[in-house]
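In: model the structure of this input:
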Amino acid sequence: MRKSKIKVVLGVDPGLAITGYGGLNKIIKKYQPDEIAVEKLFFAKNSKTALKVGEGRGVAMLAAWQHGVPIKEFTPLQVKLALTGYGLAPKNQVEKMVKLQLRLKSIPQPDDIADALAVAICSSQTKFF
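Out: Residues are numbered from 1 along each chain as shown. Predicted coordinates:
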């Protein structure tokens, strides 16, 4: 059990090329997050892409469930709104806010990492009732 009073949030951005972390079980065991934030799917046209990304979401959610870690889900609009104040903000603006809020020297690359961090920041700033 982690002794720190700091809230730990694991952000997951399931994607086709990469999904935040491979080996989520090891990451969950090592860092013992208080919650796992996952981006919700939003695909209007390509059902094959949606199915593949859904598989990545399923793996992340299963790992959270197996470890008893609460899951929060956020739409891209919610993530953008939480980070920039504008739900239709361009991707580069969200990436800049990730860099600023986490006091990083550069924007995390590849962009899936910045997206996962954005989801985690959104979760840490959002209260669920």
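
In: only C-alpha atoms for contact and neighbour calcs from this point on.
Out: OK.

In: nearest spatial neighbour of T75, chain-adjacent residues omitted?
Out: With C-alpha to C-alpha, 6 or more residues apart in numbering as the criterion, T75 has its nearest non-adjacent residue at 4.9 Å, and that residue is K40.

In: which secondary element of the protein has the worst mean pLDDT?
Out: helix 47-66 (a mean of 86; mean pLDDT, DSSP states H and E).

In: that one packs against which elements?
Out: helix 24-31, strand 35-39, strand 71-74 (3 or more C-alpha pairs under 8 Å, 6 or more residues apart in numbering; DSSP states H and E).

In: out of these, deepest packed?
Out: strand 35-39 (a mean of 24; mean count of other C-alpha atoms under 10 Å).

In: strands paired with that one, and their directions?
Out: strand 9-12 (parallel), strand 71-74 (parallel) (DSSP bridges).

In: and the helices and strands packed on helix 47-66 as a markdown table, adding mean pLDDT?
Out: Output for those, formatted as a markdown table (pLDDT from 0 to 100):
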| stretch | mean pLDDT |
| --- | --- |
| helix 24-31 | 91 |
| strand 35-39 | 93 |
| strand 71-74 | 94 |
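
In: put together TSV for the ones you listed, with distance to L83 on each row.
Out: Formatted as TSV, these follow (distance: least, C-alpha to C-alpha, whole Å):
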stretch	distance to L83
helix 24-31	24
strand 35-39	14
strand 71-74	12
